[in-house]
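In: sequence first, predicted coordinates after that:
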Amino acid sequence: MDIKAIKTEEYYNQALKRLEEIFHAEIDTREGDEAEVLSILIEKYEDEHYPIGWPDPIEAIKFRMEQMGMKQKDLAEVLGFTSRVSEILNRKRKLTLNMIRKLSDKLHIPTEVLVQEY
């Protein structure tokens, strides 16, 4: 395949098809190098044309709690009272800057996610 910048949907689809054909190519071979370059070009095109936004802050908190096996009482140790945690998770109380910092540190959620409007 003649590799060039992906600027059209047609060429994007051709690149995907070619990458599928050579996906399991050996590293440091001609096809392996082609697969690596194609994957970079495809990723760039997808980032520009199919961006994925940040998740909702509250949903991100709930997801991380589930991943970490945390309950509301565990989060209360970070944020204060259990009632406060319940209000936050039910969207009745907004996150403060101090809460955002603590949640980011404890749950490893980027602050960019937590500061969004919800």
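Out: Structure's in. What do you need?
In: pull out the buried residues from the longest helix seen in the chain.
Out: Criterion DSSP state H: the longest helix present in the chain is helix 30-49. For helix 30-49, burial by neighbour count (16 or more other CB atoms under 10 Å) applies to 34-35, 38, 41-42, 45. For glycine as for every other residue, the C-beta is placed from the backbone atoms N, C-alpha and C.
In: domain-wise, how is the chain divided?
Out: Listed domain ranges for the chain are 9-49, 57-114 (source: automatic domain parsing).
In: in JSON lines, list the buried residues of helix 30-49 along with pLDDT and distance to Leu89.
Out: JSON lines is the format used below for the buried residues of helix 30-49 (pLDDT from 0 to 100; distance: CB to CB, whole Å):
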{"residue": "Glu34", "pLDDT": "96", "distance to Leu89": "48"}
{"residue": "Ala35", "pLDDT": "96", "distance to Leu89": "44"}
{"residue": "Leu38", "pLDDT": "96", "distance to Leu89": "43"}
{"residue": "Leu41", "pLDDT": "97", "distance to Leu89": "41"}
{"residue": "Ile42", "pLDDT": "97", "distance to Leu89": "38"}
{"residue": "Tyr45", "pLDDT": "97", "distance to Leu89": "37"}
